[in-house]
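J.: sequence and predicted structure, then a few things I'm wondering about:
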Amino acid sequence: SDDDDSRLHAAMADRLGIWLDLRELTLHDVDEPAQPATPFPTSQMSVAPQAPRLQDDQLEALCAMALSLGIDSPRAVLFASRLAALSAAMEGRTEVTQPDLVRAIRCVLLPRATRWPEFAPNWRT
């Protein structure tokens, strides 16, 4: 969106997987790569017998976090679970770990938050 219409329509926002705010980023913040970036090797993922999947308790934790942040869309949890699995796959792991869940929460759930959970002040460690 632009300054004139700073609010993203709710139907569009619900369908976006990852929200990135690039308003503070300038061309001077981006380093020139030494060599062209190579795409993610998807051929290595197809060799794996099974893509990483979230355990039931991990999925429950994402659902609980979404609800505590005031997110009522099931799409947000679906996007977060997909990002967590992709994060694990990109690291070459067959299991989703806590850093993958944290990445998913930061990139998918937090930008959608409509409120902060009551335990948020004590949550920081």
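T.: Structure received.

J.: show me where the protein has its helices.
T.: Taking DSSP state H as the criterion, the chain contains helices spanning 10-15, 42-47, 56-68, 74-90, 98-104, 120-123.

J.: and those: which comes nearest Asp29?
T.: Asp29 sits nearest to helix 98-104 of all the helices of the chain, at 21.0 Å, using C-beta to C-beta. Placement of C-beta: from N, CA and C, glycine included.

J.: hey, C-alpha coordinates of the closest one in PDB?
T.: Taking Å, rounded to 0.1, in the frame of the first residue of the first chain, the C-alpha atoms of helix 98-104 are listed here in PDB:
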ATOM      1  CA  GLN A  98      12.000 -24.400  17.800                       C
ATOM      2  CA  PRO A  99      14.000 -21.900  15.600                       C
ATOM      3  CA  ASP A 100      11.800 -22.900  12.700                       C
ATOM      4  CA  LEU A 101       8.700 -22.200  14.700                       C
ATOM      5  CA  VAL A 102      10.100 -18.900  15.900                       C
ATOM      6  CA  ARG A 103      10.900 -17.800  12.300                       C
ATOM      7  CA  ALA A 104       7.300 -18.700  11.300                       C
END
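
J.: can you tell me which of the helices of the chain is most buried?
T.: For the helices of the chain, the largest average neighbour count (mean count of other C-beta atoms under 10 Å) is found in helix 74-90, namely a mean of 20.

J.: mean pLDDT and distance to Val30 added to the helices of the chain, as a markdown table?
T.: Output for those, formatted as a markdown table (pLDDT from 0 to 100; distance: least, C-beta to C-beta, whole Å):
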| stretch | mean pLDDT | distance to Val30 |
| --- | --- | --- |
| helix 10-15 | 70 | 26 |
| helix 42-47 | 53 | 25 |
| helix 56-68 | 95 | 31 |
| helix 74-90 | 93 | 21 |
| helix 98-104 | 95 | 21 |
| helix 120-123 | 50 | 32 |
